[in-house]
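> kindly generate the corresponding structure for this input.
(one chain, ligands or ions: 2)
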Amino acid sequence: MKVLLRQLPLKRSFALSADYVDGLVAGLPMRKALGADASQAGEGEAELDFYIEGDNVFARGKLDAWVELACSRCLVNLKHSITEELMVTYLPGGQIPNEDGLESDEEDADEGDAEDTYGYEGEEIDVEPLLRERLLLAIPYAPLCKADCLGLCSKCGGNRNNSECGCDRKVVDPRLAALKDIKV
Ligand SMILES: [Zn+2]
Ligand SMILES: [Zn+2]
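Ligands and ions are numbered 1, 2, ... in the order given. Sure thing, here's the model as predicted:
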């Protein structure tokens with residue numbers, strides 16, 4: 001996923017293949033939770049406009065993707081859609097943004113103007129680290145198939161969105177249960 005500096009300015013699309021997304025999300029708990037029910041992990045596309053000013057390269061664009069995860073309550077498969085605005089500055093010589101840079105990034109994020117800074121070496125820009133990072137950050141820790149998902153029954157394991165099993169799920173504190181048996 002590289003562009004050569006001498007080709008700039010340039011507009012380019014980068015496809016995130018099913019295999020690529022699979023490799024990214026394979027270790028996530030809500031991906032592993034699908035087990036044998038897992039199908040295609042997802043895919044995506046990023047479109048970026050590159051231009052160069054002095055030695056700094058700027059990239060602007062968008063990442064569109066989806067990933068298949070398990071609902072964190074009922075464990076059914078869900079497709080989570082991701083749309084991320086991308087605003088990146090690439091600094092020459094593989095400069096790594098320092099603490100100050102990170103702090104100002106956070107301030108920018110508060111203003112809804114998230115600007116990422118990456119380094120580049122030599123005559124090319126590799127956008128793979130950017131796309132990987134933004135995709136992973138956009139994946140929720142506890143995804144839901146729907147906001148009011150009822151989850152699984154703690155007694156029989158049935159999906160309560162499909163049918164109410166009628167199990168008695170009242171949690172009885174074992175200490176109280178013991179009291180019930182005490183004859184006064
Ligand atoms: Zn659910
Ligand atoms: Zn039940």
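
> doesn't residue 88 belong to a helix?
No. The assignment for residue 88, made by DSSP: H, G, I helix; E, B strand; the rest coil, is strand rather than a helix.

> and the host helix or strand of residue 118, what other elements does it pack with?
Secondary-structure element containing residue 118, defined by DSSP states H and E: strand 116-119. In terms of contacts (3 or more Cβ pairs under 8 Å, 6 or more residues apart in numbering; DSSP states H and E), strand 116-119 is packed against strand 77-91, helix 99-110, helix 128-137. Just so you know, the C-beta spots here come from the backbone N, C-alpha and C atoms, and that holds for glycine as well.

> check those for me: which has the lowest mean pLDDT.
The stretch with the lowest mean pLDDT among these is helix 99-110, at a mean of 48.

> chain neighbours aside, what residue packs nearest to the most centrally placed residue in the chain?
Nearest to the mean C-alpha position of the chain, by Cα atoms, centre = their mean, lies residue 139 at 2.0 Å. Among residues not flanking residue 139 along the chain, residue 67 sits closest, at 6.1 Å (Cβ to Cβ, 6 or more residues apart in numbering).

> what residues are up against the one you found?
Residues near residue 67 by Cβ atoms under 8 Å, 6 or more residues apart in numbering: 21, 25, 31, 41, 42, 79, 80, 82, 135, 139.

> check the gap between it and residue 46 for me.
To residue 46, residue 67 is 14 Å away according to Cβ to Cβ, to the nearest Å.

> then residue 170?
The gap separating residue 170 from residue 46 is 50 Å, by Cβ to Cβ.

> burial of residue 125, as a residue count?
Using other Cβ atoms under 10 Å, residue 125 has 25 neighbouring residues.
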